[in-house]
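1. Sequence and predicted structure are below.
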Amino acid sequence: MAVEFFDTNVLLYVVSADAVKASRAEALLRSGGTISVQVLNELANVARRKMGFEWPEVRSLIGTLRALLEVTPLDVATHDLGLHLCERYRFSIYDGMIVAAAIGAGCNILWSEDMQNGLRVEDRLTIRDPFTD
């Protein structure tokens, strides 16, 4: 059974003007999944700074996602694994921490539009772009 983790970029499509990608993101979310506190932080930042959301809208969006998805905390072990993954797979720091959180949460699929589609990480996690066939 797939245990899925969502990168911030996928969740942002839920509130975007791109109807096709919004529909796909919503369909994936219906099955549930996991995010990290980092995803919530990134989402709040983009919603405020780039999308112009007011604070009540940011809180509402985050509250909805927290109700739908499991939220995994960040800790030193996640950080250490993230650094290892950055070095080994050449991820950016932020992507490495997302991948580490997904692995730490026991996920086997990471939905992300920004990372290499099909990449298998540590023989435990596959990165998949939800918007490609």
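-> Good, I have the coordinates.
2. mind listing the helices for the chain?
-> 8-12, 19-29, 37-49, 55-68, 76-89, 93-104 (DSSP state H).
3. I'd like these laid out as TSV, including mean pLDDT and mean neighbour count.
-> Just so you know, the C-beta spots here come from the backbone N, C-alpha and C atoms, and that holds for glycine as well. Formatted as TSV, the helices of the chain follow (pLDDT from 0 to 100; neighbours: other CB atoms under 10 Å):
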stretch	mean pLDDT	mean neighbour count
helix 8-12	96	23
helix 19-29	95	15
helix 37-49	97	17
helix 55-68	96	13
helix 76-89	98	15
helix 93-104	98	23
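4. Of all those, which one is nearest residue 114?
-> Judged by CB to CB, the one of the helices of the chain that comes nearest to residue 114 is helix 8-12, at 5.3 Å.
5. Which neighbouring elements make contact with that closest one?
-> Packing contacts for helix 8-12, counted by 3 or more CB pairs under 8 Å, 6 or more residues apart in numbering; DSSP states H and E, involve helix 19-29, helix 37-49.
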